[in-house]
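# my questions are about this predicted structure, shown below with the sequence.
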Amino acid sequence: MKLPDDKNERNKILGLIAAGVVAVCYVGYTYGIKPLLQKRQNAITKITELDSKLWQANLDINQIPVYTQQNNDIIDTIIDISENELNVLHPNLGNFLLVAEGIIEKHAKALNLNIKDVTRKGQPAKRFNKATTEIDPKAPRFSSYTVRVEMECSFFDLIKLIRAIEEENPYLCITNLGIVGQADNVMQHAISFDIQWPIWVKPKQPIKLMAEQMISKSKQ
């Protein structure tokens, strides 16, 4: 293409050509290159997210043995506390009070103390209904059983008794301690206090835990 000899006409044509080139470049970038660049950036972002999720998934998978071992250790501790150390109160033929009385009387006898009375206090939390098939995983596994103890002894003998009971079972709780002095015998006091033991909501729960534990360990 030959440009005109006239300088003004030539400049106009060159200007139009330059404008056309700019327009073509703009259209090409806007509708061609830019979408491709955006698509590439989106792909990079998605790949980065997938890589992060894959890394987290691999980390979680690698942690499964650790979590399993931690869970097994916790269950072993619970079973040991409940079944071996007998820190969870178990009924004798469905009777908790009989077992609680035996524990208290054992410690009192070792200190040559006489227990006046041991009575059940309050009601334990609602126990598991055998007719119910659905088990709420968030429901508490433990409840409590409380007795009221009444006796007469010196303050120092009381301390010895409470210490002996708590040292044998660190998971029980002694509350509502009452001490009333007696005018006819200043060394002996009318004593009352509550002892609260943990109990299983479902009596067969420890057996189930031990069975599940054996299965879990056999798969490791």
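That came through, no problem.
# and this structure, what are its domains?
Per automatic domain parsing, the domain ranges recorded for the chain read 1-84, 96-126+140-210.
# name the stretch among the ones you listed that sits most buried.
When the domains of the chain are scored by mean count of other CB atoms under 10 Å, the highest mean neighbour count falls to domain 96-126+140-210 (a mean of 15). C-beta: built from backbone N, CA, C; applies to glycine.
# give the rounded mean pLDDT of it.
For domain 96-126+140-210, mean pLDDT rounds to 90.
# and that domain, how far from the chain's centre?
On the basis of CA atoms, centre = their mean, to the nearest Å, domain 96-126+140-210 sits 29 Å off its chain's mean C-alpha point.
# which one's the longest helix in this structure?
The longest helix of the chain (DSSP state H) is helix 34-79.
# helices or strands up against that one?
Applying 3 or more CB pairs under 8 Å, 6 or more residues apart in numbering; DSSP states H and E, one finds that helix 34-79 contacts helix 205-218.
# one step back: tell me the angle of the longest helix of the chain relative to helix 205-218?
120 degrees (axes from the mean of the first three to the mean of the last three CA atoms, to 10 degrees).
# quick revisit: now distance to residue 216 too, for the domains of the chain, in CSV please.
CSV is the format used below for these (distance: least, CB to CB, whole Å):
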stretch, distance to residue 216
domain 1-84, 6
domain 96-126+140-210, 10
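# out of the ones you listed, the one nearest residue 218 is which?
Between residue 218 and the domains of the chain, the shortest separation by CB to CB is 11.5 Å, and it involves domain 1-84.
# quick one: contacts of the strand or helix carrying residue 166?
According to DSSP states H and E, residue 166 maps onto helix 155-168. Helix 155-168 has contacts (CB atoms under 8 Å, 6 or more residues apart in numbering) with 103-104, 107-108, 110-111, 113, 153, 172, 174, 179, 189, 191, 193, 195.
# could you point out which element follows it?
Assignment by DSSP H and E places the next element after helix 155-168 at strand 173-182.
# for that next one, which helices and strands make contact with it?
helix 155-168, strand 185-200.
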